[in-house]
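1. heads up, no residue letters with this:
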Ligand SMILES: [Fe+2]
Ligand SMILES: [Fe+2]
């Protein structure tokens, strides 16, 4: 189904706003803007390395994320062009994490190459199959990633780790902007079909998993390392509830819609 003209126009404006702010205020250079000269072996720890390596692994699926994202959004200029920009920004995150692991000496080139090979041996698949459900997923996933990176930034700041402080500052600021774009798109979808959009949101919240599940080597063990993830309770309080407030819904409404959908459950059609 193609999007209505008004939706096309609104998406174009939403994208232009995102693009304009990104170009004017948010561009950063992984080689020039990180104080690499401040790397200090005394600040290294296996806990930090596992966090960065795990995040790097998730960011490395950019080819699969963008291929699928383009397929779902190619008929809507604003949305498809967002995918291109989004992919560029996520690709910088993977690059920066890779640089950190090698430059800090916490992984050798060979160790990193092995890890990357394991990552690329797996293929990320769409967790949901409609554009609107993937918008809901994007809002949730970006919010979780933002919270995780922001917590890492605060920890690095407390420890006086200037390199990780700066890295997590830049990447978490990007994730916040991605989350903001997805919330904006959700708001546009709500204007067109409030009930259907909220039903999708409820469905996605109940089936949400982070993209690394099943793809990153030893993911469950990694989650045991402090900082790799956040607890469900933290995600509810600091991610899901603020998102529900931003779209004018509530936990009660989500629970109701989810149970309604379950009663009339039909397999979701695969379409954009
Ligand atoms: Fe990212
Ligand atoms: Fe992101």
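-> Great, that's in hand. Everything numeric in this text was worked out from a predicted model, so none of it was measured. Ligands and ions are numbered 1, 2, ... in the order given.
2. in the stretch 151-272 of the chain, which residue sits closest to ligand 2?
-> residue 178 (3.8 Å; Cβ to the ion). Where you see a C-beta, it was placed from the backbone N, CA and C, and this is true even at glycine.
3. and that residue, how far from residue 31?
-> 22 Å (Cβ to Cβ, to the nearest Å).
4. who has more neighbours, these two?
-> Using other Cβ atoms under 10 Å, the more surrounded residue of residue 178 and residue 31 is residue 178, with 22 against 9.
5. you'd agree the more buried one is up against residue 143?
-> No. Residue 178 lies out of contact with residue 143 (Cβ atoms under 8 Å); the separation is 9.2 Å.
6. following the helix or strand harbouring residue 220, which helix or strand shows up next?
-> With elements taken from DSSP states H and E, the one containing residue 220 is helix 219-223. Next along the chain after helix 219-223, taking DSSP H and E as the criterion, comes helix 232-235.
7. show me which helix or strand of this protein is least confident by mean pLDDT.
-> helix 251-263 (a mean of 84; mean pLDDT, DSSP states H and E).
8. in that helix, which residues are buried?
-> 254, 257-258 (16 or more other Cβ atoms under 10 Å).
9. count of residues packed around the nearest residue to residue 140 once chain neighbours are set aside?
-> Take residue 140 and drop its neighbours on the chain: the residue closest to it by Cβ to Cβ, 6 or more residues apart in numbering is residue 208, 5.4 Å away. For residue 208, the neighbour count with other Cβ under 10 Å is 17.
10. what sits against residue 208?
-> Contact analysis of residue 208 by Cβ atoms under 8 Å, 6 or more residues apart in numbering lists 137, 140-141.
11. so which of those residues are in helices?
-> 137, 140-141 (DSSP state H).
12. including neighbour count, distance to residue 82 and pLDDT, could those go into CSV?
-> Listed next are these as CSV, based on neighbours: other Cβ atoms under 10 Å; distance: Cβ to Cβ, whole Å; pLDDT from 0 to 100:
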residue, neighbour count, distance to residue 82, pLDDT
137, 22, 15, 97
140, 21, 17, 96
141, 23, 15, 96
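13. of all those residues, which comes closest to residue 109?
-> Nearest to residue 109 out of those is residue 141 (Cβ to Cβ; 30.2 Å).
14. please report how far that closest one lies from ligand 1.
-> 10 Å (Cβ to the ion, to the nearest Å).
15. residues contacting that residue?
-> Contacts of residue 141 (Cβ under 8 Å, 6+ apart): 208, 210-211.
16. again with residue 10
-> 78, 188.
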